[in-house]
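A.B. asks: no sequence on this one, just coordinates:
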């Protein structure tokens, strides 16, 4: 496919935090790109644990133990799902697990509908619960709600998504006076069991920023953060990014103004139904590295990718706010971003987290421990301040990201590992 429209500069409220300006190379949210002639990359240190430890008030080794425990439970979940899926092929019933999430006590809670599934889950250290719906039914309900919203003609629906902990579909409206079409839609939705409707106090925005000379500087001026390097089946080196960062196939410069690549694909179309994933082609003389910058003089390896369970700990690197951390809240959300001239871009397939982001963080890497999770898409446009490099202390906000597993699968990219 060919994308020839120029990238649209996006106006946002805040430039790069002053604290970042003095960091030199550390000012890059992610520094996977190095020239082939540069010195060998240093052995990466998994600094994510140091960042989390400081946020949690524990040592880096204790933070690693805590995060490793989450990942161990997630691995157990996959094994149990495989075990139950095998059993379902030889039984009349379908005894599988139907969604999972970490609760506030860090237990991995799984939805079940049969005694067999509950017994298998409990025997493997998981916490079973019986629910009215579960993930499969919520997905079907979300599809029904989306169809109603599409037919209604309302332009005031902000997000639609399933919430596993509450076992309900949540519909969030734009702030402001409701139109007649929105009032009629809300009446329909509130009559459906399992659907909640609320109104947000702020609008949403994609987190690109117009700041020249920063990492992933997009000619003619829109700024994002670098995501995940990888290779295509033909060996070509590419970078997975947020689609809105590479819409229109812009040239991409690093913090020093050196050309490092060019957008070659994007599923994001301003004002049209979109998916916020895209690709940058890395210049032949440059190298994509399998680690990300913790913004504190350390790096974290990328050892794989996944969709970690809801409630999992997650951090992100961004060129405006550095490292901020939180937990995963939802998957498969549809988010309606407002744009210039009143345009609305319906963006599907996003995840939501409690990680704080600001303008300029778009495209930046989300990671759980050393396992890649996604690239920043957007968040609330409410004037919040994440600070810089605040880890888990940058709380009180939320953000949306494009899961990297989905983007890598769609484009046929194998992530570069450290």
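C.D. replies: That came through, no problem. Model, not experiment: these values are computed from the prediction.
A.B. asks: name the residues that touch the stretch of helix or strand residue 128 belongs to?
C.D. replies: Per DSSP states H and E, residue 128 falls inside strand 127-130. Under the contact criterion Cβ atoms under 8 Å, 6 or more residues apart in numbering, strand 127-130 has outside partners 103, 107, 108, 109, 110, 111, 112, 113, 117, 118, 121, 122. All C-beta spots, glycine's among them, are computed from the backbone N, C-alpha and C.
A.B. asks: what is the burial count for residue 198?
C.D. replies: As a burial measure, residue 198 scores 11 neighbours (other Cβ atoms under 10 Å).
A.B. asks: quick one, grab the pLDDT at it.
C.D. replies: With respect to pLDDT, residue 198 has a value of 96.
A.B. asks: partners of the residue nearest to it when sequence neighbours are not counted in the sheet?
C.D. replies: In space, and not counting its chain neighbours, residue 198 is closest to residue 172: 5.6 Å by Cβ to Cβ, 6 or more residues apart in numbering. Going by DSSP bridges, residue 172 is paired in beta bridges with residue 159, residue 198.
A.B. asks: next SSE after the strand holding residue 128?
C.D. replies: Toward the C-terminus from strand 127-130 - assigned by DSSP H and E - lies helix 135-152.
A.B. asks: quick check: buried residues in that following helix?
C.D. replies: 135, 137, 138, 139, 141, 142, 145, 146, 148, 149, 152 (16 or more other Cβ atoms under 10 Å).
A.B. asks: quick revisit: the strand holding residue 128 pairs with which strands?
C.D. replies: strand 108-112 (parallel).
A.B. asks: average pLDDT for the strand holding residue 128?
C.D. replies: 96.
A.B. asks: tell me the contacts of the residue lying closest to residue 48 once chain neighbours are set aside?
C.D. replies: Closest residue to residue 48 apart from its sequence neighbours, by Cβ to Cβ, 6+ apart: residue 300 at 4.4 Å. Neighbour list for residue 300: 44, 45, 46, 47, 48, 291, 292, 294, 367, 370 [criterion: Cβ under 8 Å, 6+ apart].
A.B. asks: how does it look with 6 Å?
C.D. replies: Shown in contact with residue 300 (Cβ atoms under 6 Å, 6 or more residues apart in numbering): 46, 47, 48, 292, 294.
A.B. asks: isn't the fourth one up against residue 365?
C.D. replies: Yes. The pair residue 292 / residue 365 is scored as a contact, 5.0 Å apart, by Cβ atoms under 6 Å.
A.B. asks: wait, residue 157 sits on residue 148?
C.D. replies: No. At 9.7 Å, residue 157 does not count as touching residue 148 under the criterion of Cβ under 6 Å.
A.B. asks: so what sits against both of those two?
C.D. replies: Joint contacts of residue 157 and residue 148 (Cβ under 6 Å, 6+ apart) do not exist.
A.B. asks: in three-state terms, label residue 55 for me.
C.D. replies: Following DSSP: H, G, I helix; E, B strand; the rest coil, the label given to residue 55 is helix.
A.B. asks: residue ranges with poor pLDDT in the stretch 1-150 of the chain?
C.D. replies: Scanning the stretch 1-150 of the chain for pLDDT under 70 picks out 1-45, 88-95.
A.B. asks: done for today, thanks.
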